[in-house]
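Asker: coordinates only, sequence not included:
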């Protein structure tokens, strides 16, 4: 409190207060002049973009507003590895993203830019796409377990019990967990049920590369009723895919590296969780050996768990599954099939394919080889793979959110593939 007892002190007080207010005003950001560029909203992917001609040309690639008709899909442009075939499994699902398989063969498909979850039903040799749920907000993640479908929206997880029995008249999903941030940046979620019968959900960083609170940059697991939330992994920038090694039961997850450091680094990561609470580095360290130029000060990359492999620069490595089927050659057993959505902040785009990751005896990446290519043509996307899913016959599905379609990958002659 300022107490004034004389005319002179009143004058001095007025000078002091006036000087304080002037200094405070000087520290406030001035409003941009008319016609000037407006400040970027929090979490914008443009934050941190270098002010140079090449970088200014780069921006996220918007998909077509409507799904492609089945006869307009770029099947003739897609190329499968020797001995493999690719065909259209289902089409007409706007922004088809994450995939899950029901006990009765129903394929569930999430979306990110629209409000729907789809169900692909096979009957009498034909497939039909049904809208299972609508009016949802970024329902990217879907997981099926013991008859129940779990759906992850931006800030909550819900479920539909006995879902394959109510496909023609599904109830509204029941919310089981809503203690999730509402940030748009990296807010869409992949979910899956682990070998421990718990539901795993990632929470990405709320921006390109930011220091964040304890609710972000992690992977959590919860009980199937939404209780018992626990943080499994830290230092996770943006994971949109994970699965468990069928032999070791260890969790492997893709993680997208930060933008605007350079066109070639950091690479996306393939990580392995060996114990609860491991820290994988972000935002202090990327790809296991690059200290972040802004937040890496005072930290060493040796403090964090290094990735088991690198997935390419800005490749947007997303959905992955360990292959455990019998249709593909034996050399594919226990490999990891990964969908790489493809880069946007790179002059020469990278990714836009489905690859096979082979592990060595220590569980680290030994090699990466193409399985499906052709989504990227002349540095432009004609499709963008998001997730993969193994069917009971050993074939693999691949979702494409650019075209709103799901493809099926088989091995052998067409006659064998149809068995």
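Answerer: All right, it came through fine. Since this is a predicted model, take the numbers as computed values, not measurements. Numbering: from 1, shown residues only.
Asker: what segments of the stretch 151-300 of the chain are strands?
Answerer: Ranges of strands within the stretch 151-300 of the chain are 157-160, 174-177, 192-193, 199-203, 218-222, 230-234, 242-244, 251-255, 267-273, 278-279, 285-286, 290-291, based on DSSP state E, counting those that start in this stretch.
Asker: outside of the second one, which residues touch it?
Answerer: Outside strand 174-177, the residues within contact range by Cβ atoms under 8 Å, 6 or more residues apart in numbering are 150, 156-161, 201, 222, 224-226, 229. Yep, even glycine has a C-beta here, placed from its N, CA and C like the rest.
Asker: next: the longest one.
Answerer: Strand 267-273 has contacts (Cβ under 8 Å, 6+ apart) with 219, 232-233, 236, 245, 250-257, 280, 286-288, 305, 307-317, 320, 336, 338, 340, 357, 363, 365.
Asker: list only buried entries from those residues.
Answerer: Buried positions within the contacts of strand 267-273, assessed by neighbour count (16 or more other Cβ atoms under 10 Å), are 219, 232-233, 236, 245, 251-257, 280, 286-288, 305, 307-317, 320, 336, 338, 340, 357, 363, 365.
Asker: worst-scoring helix or strand of this structure, pLDDT-wise?
Answerer: Using mean pLDDT, DSSP states H and E, the weakest-scoring helix or strand in the chain turns out to be helix 7-27, at a mean of 38.
Asker: next secondary structure after that helix?
Answerer: Beyond helix 7-27 on the C-terminal side, the first helix or strand identified by DSSP states H and E is helix 53-56.
Asker: what about that next one, average pLDDT?
Answerer: Computed over helix 53-56, the mean pLDDT rounds to 95.
Asker: next: stretch 339-353.
Answerer: For stretch 339-353, the mean per-residue pLDDT is 98.
Asker: and the helices in the stretch 301-419 of the chain, which stretches?
Answerer: Along the stretch 301-419 of the chain, the segments classed as helices by DSSP state H, counting those that start in this stretch run 414-417.
Asker: who are the contact partners of residue 266?
Answerer: Taking Cβ under 8 Å, 6+ apart as the contact definition, residue 266 lies against 257-258, 286-287, 290, 313.
Asker: mind running it again at 7 Å?
Answerer: 257-258, 286-287, 290 (Cβ atoms under 7 Å, 6 or more residues apart in numbering).
Asker: what's the spacing between it and residue 388?
Answerer: Computed with Cβ to Cβ, to the nearest Å, the distance linking residue 266 and residue 388 is 24 Å.
Asker: repeat for residue 225
Answerer: For residue 225, the distance to residue 388 under the criterion Cβ to Cβ works out to 29 Å.
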